[in-house]
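# Please work out how this folds:
(chains A and B)
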Amino acid sequence: MIKFYIDSKEVTATKGESILDVARRENIYIPTMCYLPKASANASCRMCSIEVKAQDGFVLSCNTPPVEDIEVITNSDSLYKERQNIMKLYNVNHPLQCGVCDKSGECDLQNKTLEFDVSEQSFAVRDQARKKKKWGVHTYDPALCILCEKCTTVCNETVGNEALYIKPGGYKSHIDIKLANCIECGECISVCPVGAMASTEFKYSANAWELDKVPSSCSHCSSACQLYYESKDGEIKRVTNESDFSSLCGAGRFGFDFENRVISKDEEAFSRAIEAFKNTSNVVFSSLITNEEAYVLNELKKKFGFNLVNDEARAYQNFMKSFAKFANSSLYNATIDDLKSSDYIISIGCSIESDNPMIKFGASQAVKYKKAFVSTIAPVEEYAISNVVSLYINNEVGSEEAALAMIADTFIKDKSSQKEFFDSLDFGYLSGESNISQEELSLLKQNYIRKQNPVLIIGEDVINHPRANNIAAIAGYLQKNALFKVMVVPPFTNTLGVSLICDLDEAKSGLSVGYNVSADFTLSAKGSGDLDMPALNQQEGTFVNIDKNLVVLNAGVAHNGYELNDIANALGVKSKNIVDYTSRLGFKTIEFDDLDNYFDNVGNAYRGYKIDAMQNQENLKLDEVEELDEFNGSIVYSRNPLRQFSIFTSDTKQLKQKMDLVGSEQFAIASKIKSGDNVKFSVDGVEFIRHFRVDRHMKGTVAYNPTYNMDSKSSNYRYNQVELEVINE
Amino acid sequence: MSKVYFSTWRQEQINNIGKDEDLWEESAYRLPEQYNEHSSSKAFIGWDGVALFDKDIDVVKLATEYAHQYQEYSEACGRCAPGRWGGRILYDLLDKIARGEGSMSDMDHLKEIGKSMQLTSKCEIGKTVPKPLIDLMTHFEDTFLECINEQKPSKHYHENVDYIAKITAPCMDACPAHVDIPAYIEGVRDARLDNSLRATRQTMPLAHACGRVCPHPCEDECRRSNLDSPISIMELKRLGADYESDHNLGFYHPGKGKKKAPIGKKVAVIGSGPAGLTTAYYLALDGVEVDVYEALPVLGGEVTVGVPEYRMPWAKYKQDIEAVKDLGVNFILNHEVTADEMREFETTYDATMIASGTRLSKKVRCDNENPETTGYWGAIDFLDRINLYDKFDIPLTDEQKKEYAIDADFVDLTGKTVVCVGGGFTSMDVVRCSIRAGASRVIMIYRRDEKTIIRNTTYEEYHEAVEEGVDFIFHSAVERMNDEDGVLKSLDFNMFELVPDPDGGRAQLVKIDDGDFSLDVDYLIPAVSQAADLNFLPSEWELEMTSWATIKTNGIDYMTSRKGIFASGDCEYGPMTIVNAVGQAKRGASVISRFIQNGGEVTLTDDEIMEDHLRKMKVYDKKEKITGWLAGVARQKSEVVDVDIRKYNNVEVNFGFTAEQAQSEAERCMRCYYIAMVAK
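Alright, predicted model coming up:
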């Protein structure tokens, strides 16, 4: 702790805090133009200069840690004058076209120009022609750019893609891009203080002050990031977020137009729905659902006795049951923040690139800020994250149980409590079958030395694995032994919430009602079923996200039809509003309206509350590793491309993309197909016809098959051996 | 001392305007009044003032050009508001005045923006560019006003004058390889370690090595020392290097990362140590075909077989060597070049670089000193044996076992007493390796004191050796070797004391009469110095030699007395540092590249000429007072392996910075870039 003074107030700093950090925490104002709390200091604007008593010259507060007993002065005549001069400089040749600038009304340059009373300009330079650039979802206007470097910093540090960079050259300096690295997440747009980096789609569609802003959470994946739906005339125009402190991926930022527009309530369909519920044997639903709706379905199940079916959530539930027995805790213990501050990350069975973008962002930040060693254990090498990964371990398809057993054997020192299990491991056999070598394991071990915050990421491939039970047990055992913090990635937005709330069953014979899943009677937020339901951007409710936080969902746009609560009321499960159930979910008894959804001055998130894990004390024995099935021939991996998650992202205007089967040259040769062929194959009884494309960066004999347009998420192992049939016309 | 017409350099105020040339007051600094042998300079302008050599210089144009350089030479800049816009305003307004279109308010605005830049710019370029401009505007106000009042161009505005500018920094100037240190530190600060390494490799290919074992002369001339303590420059270099080797993303070569197309020229390099590798690297980048001949079975020279694994892990140095290989350089191992081959090379290659190092251990000069005595073991050979086994599993031959009286396949000193005579890096390596080889007692004999040994090596190196259990006996020397039947048995020592010279001269080492003592020892390892083994040079070439028996060059272009034969590194300079070898070889490669393409002409680039001028002037000013930075922000220190663990193995002692430490340390860097410019 360092004690010092800011404007005569005694304050203390902890290690790693800058003078500016402390000032903000203490609510002392120091102006900035380039400071971005979630990343490292750019130090380009120089506005945050301060004076220190008994020292000559100005000191930058954003990147200078305080020294014991110094007396900081945040404002003086000379500081004001220099800050004013900087604002004058920023305004040199800045086009005076605020009337047609997207940023007007929320522009830092406008605000600070007023704040520093720049009423006259004493400086001028010859202007230069600067061309606007269109880079996909974002456009860059160098004439508006003040070179604050926030965009390059988030692109490099927060996202980890190193697409944007500064092309230096004095007054000619500007931002440039390596387009191949851009994942179109729009982080650059969100942090731009002026109108330089703008959303191509949003441009010229609304003024900042005309938009209604609703705080909510993203519904596309289990990170459920904080966001604002901003709408005008009943239409969402854009999504923004608290970009100083948190992030969004491209799906969250650009995939917002998935609402289900209906003109009025369809009474006839509604009464059919009521009847369907009364007569159904099964209610089938997906995890793209709020906690409250899941709770209502569970209440209806209690009342009507139908089977409540969600195979994907049930697989997760079972995985966590087995995990909990060995972890002696009902939940995994890692969060995305743990990932960001980790210095050692191993993932198994997870697509770091696309399963959950915040895992990718977090791992990148761990590499940038903590020099983390990252190893992915997966049959495929994701080249797009090669600057994040230090060691790719390519296991044979299907060998994840063996892989995790070998990890446990490598890291656990005291093996006495599971002696039989470890004694049973035949390393030669496991290594041969999984294709994981002793060298790779010793590299893992070697790089583990001195690491403080290791994290193990358990992905969907092992959650939906034939040997999931024992894999979960090993993962739980690793968490209990405290060698790693463990994260079991919920495969869908609210898989975790559903798994905690619902009593799930296997489907039984008879009729089914589906909620966002096709069935005999389908309730659909896509507008493709028998009764229209509100989409997740039209609802109030909550999710339990990957951080095990219960977070708030608010409606960005109205829904004029029926909602599940209407059905429940008609069926005798009564409450005025669906969110009346929020306090009854079985977590904390906090009312929906009392839940927070904001960040404080220094970036602490106040979003809902944390779900507590239950502790238990069981001493069970791990199963022996089972012999492995062999996978040969053409293998497809059900993996979605970045920015696509579900039927709700698939049709949004800015995210739309082709659903190609993508594989390596080697895959094409081995499967006797070529780039451009249309191929037919079936996975788990579902037939696919896909256009095949070779990605020359890819290696190996596994191809990616996107499945995001399927209405129910599979609970099967994502790798499948297939027969490919070329069906070119 | 330089002859000047006017100077404000380093606070001096010399004004010979209107004085008779014979009465001119001289500048106290070694300014570049003579640009090179062909031309003189009209003026020098830089971060700390301006010096005019020629009365006829157009000061308005000079100021304009200097401001212009800020726009041209701003690769590192345009990255803060005052620098980006302010720098452009300076240039635009000065040019406006120089064109004859200026107004009085322009003068005021120039001064105002200059002051703002000095106070708020991010790097020293922005802070210092206004200084000489304001000097000129103040001392030659009349000249500026004349342009404004009469609305006429400055006197030589439309003439072509050669302006040569160079970016420098105190640390860059002090580094023998002139590494762009602020740029690689900025790469760390920006969390772009790839860019950091690219910046290093512009002039220093061996980033893994020099991020670990460089004695960092740059840190002695770091401006931050004037405020609190120097930046940990060397350790920050390691970040970029380790990023490359840890992530396996290929090699980060400088610039666009590509070598030029083959130009059809061939160069032979003798020796694959730092100088040889550096020569090969930069020639290969220029599209030259390079063959490197190495006598040993392994590449890398003394850094491989001299520097122990615990200081310089082979896996890391190997990455530097692989980077050279990546450019297509051809290496020939186990090949000791002969005089006949050297003669042949003159026709088969377009030029030859000798970089064979100094691989002969010098004697300690004691009585009965006989290299044939068993137990007498030259440091170079000793370290070869240790490192070849540790790094490459090459065991001792039966002959060697006999020679060293060792039974094992490796240097096993269990239970032995080892005495090393030295005081430099090599001797530190010897004693610390001896500890790791199991010796029961390890003694360092050094003629001078603790302070000097730290100055000659590093603080860390010395303290780590003490921690590991090395006995340092200061002010001592070996008087005599005692052997029985050709086997070393004991040593006699003398002790000395430093007696100050009553006349104020250098203190003298005087033998203490009753200080003599003897010790039973098993090995005496002389590590006092090394000499070059140059037997392979054809005697009829009669290459000029230095008084140290090293190859003589002018220390500027590194060509020997024989045309087309170049020399760099220890065989030229005498035993010195890695970075010195790299610096020499980098320059040598640059000269060779032009030499073989321009029909055998030895030339320097303007950048190199300026580099040499600046080094003579010295960029670092120990007396400068630093403002605008908070004093007392602590220098980061990396952790090392616990002594009880490292004593018994070869793991790298220094863990290097954590990411947080690196970031904090990088934030301390003041980016002391300066622009220096000469008007020719």
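# pLDDT score for B:E75?
What the model reports as pLDDT for B:E75 is 59.
# Can you report how many residues lie near B:F472?
Using other Cβ atoms under 10 Å in any protein chain shown, the number of residues around B:F472 comes to 18. C-betas here are computed from N, CA, C, even on glycine.
# so how far is B:I386 from it?
Computed with Cβ to Cβ, to the nearest Å, the distance linking B:F472 and B:I386 is 21 Å.
# Next, find the distance separating the residue in the stretch 101-250 of chain A positioned nearest to chain B from A:S424.
Going by Cβ to the nearest Cβ, chain B is nearest to A:S173 of the stretch 101-250 of chain A, at 3.0 Å. According to Cβ to Cβ, A:S173 stands 63 Å off from A:S424.
# Comparing the two, which shows the higher neighbour count?
A:S173 (20 against 13).
# Pull the contacting residues for that one.
Shown in contact with A:S173 (Cβ atoms under 8 Å, 6 or more residues apart in numbering or on different chains): A:147, A:166-167, B:74, B:77-79, B:84.
# In ChimeraX, how would I select the buried members of the residues you listed?
Those of these that count as buried under 16 or more other Cβ atoms under 10 Å in any protein chain shown are selected in ChimeraX with:
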select /A:147,166 /B:74,77,78,79,84
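# Just the closest of the contacts of A:S173 to A:T376, please.
A:I166 (30.6 Å; Cβ to Cβ).
# Geometric centre of the chain: which residue is closest?
In the absence of a named chain, chain A is used. Nearest to the geometric centre of chain A sits A:M358, at 3.4 Å (Cα atoms, centre = their mean).
# Actually, chain B is the one I wanted.
Mean-position check on chain B, Cα atoms, centre = their mean. Result B:P176 at 2.7 Å.
# quick one: that residue is in a strand?
No: counting by DSSP: H, G, I helix; E, B strand; the rest coil, one finds B:P176 to be coil, located in no strand.
# my guess is it contacts B:I578, does it?
No: between B:P176 and B:I578 there is no contact under Cβ atoms under 8 Å: 9.4 Å.
# Spatially nearest residue to residue 193, not counting backbone neighbours?
Here I'm looking at chain A. Closest residue in space to A:P193, ignoring its immediate chain neighbours: A:D108 at 3.6 Å, by Cβ to Cβ, 6 or more residues apart in numbering or on different chains.
# Sorry, I should have been clearer: chain B.
B:Y243 (3.7 Å).
# from memory the one you found sits against B:A191, does it?
No: the pair B:Y243 / B:A191 is not scored as a contact, 10.2 Å apart, by Cβ under 8 Å.
# Just want to know which of those two has more residues nearby.
Between B:Y243 and B:A191, B:A191 has the larger neighbour count (other Cβ under 10 Å), namely 25 against 22.
# ok but the more buried one is inside a strand, no?
No: counting by three-state DSSP, B:A191 is not part of a strand but coil.
# quick one: secondary structure of the closest residue to it other than its chain neighbours?
Using Cβ to Cβ, 6+ apart and skipping the chain neighbours, the partner closest in space to B:A191 is A:K368 (4.4 Å). Using three-state DSSP as the criterion, the local structure at A:K368 reads helix.
# where do the helices sit along the stretch 251-400 of chain B?
Remark: helices assigned in the stretch 251-400 of chain B by DSSP state H, counting those that start in this stretch are B:274-285, B:302-305, B:314-326, B:339-348, B:379-392, B:398-404.
# Relative to A:E420, which of the ones you listed is closest?
helix B:314-326 (38.3 Å).
# Specify the residue ranges that define each domain of chain B.
B:2-161, B:266-359+B:531-603, B:361-529 (automatic domain parsing).
# Including distance to chain A, could those domains go into JSON lines?
Compiled in JSON lines, those are given as follows (distance: least, Cβ to the nearest Cβ, whole Å):
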{"stretch": "domain B:2-161", "distance to chain A": "3"}
{"stretch": "domain B:266-359+B:531-603", "distance to chain A": "11"}
{"stretch": "domain B:361-529", "distance to chain A": "17"}
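# Among those domains, show me which one is buried the most.
domain B:266-359+B:531-603 (a mean of 21; mean count of other Cβ atoms under 10 Å in any protein chain shown).
# average model confidence for it?
97.
# Pull up the distance across that domain, start to finish.
19 Å (Cα to Cα, to the nearest Å).
# And for stretch B:393-409?
9 Å.
# If you average the pLDDT over it, what comes out?
Computed over stretch B:393-409, the average pLDDT equals 95.
# Give me the contacts around it.
Outside of stretch B:393-409, the residues within contact range by Cβ under 8 Å, 6+ apart are B:297, B:374-375, B:377, B:385, B:388-389, B:410-412, B:487.
# next one: stretch B:312-322
With Cβ under 8 Å, 6+ apart, stretch B:312-322 has contacts from B:205-209, B:212-213, B:241-242, B:244-245, B:251, B:272, B:277, B:299-300, B:303-304, B:391-392, B:652.
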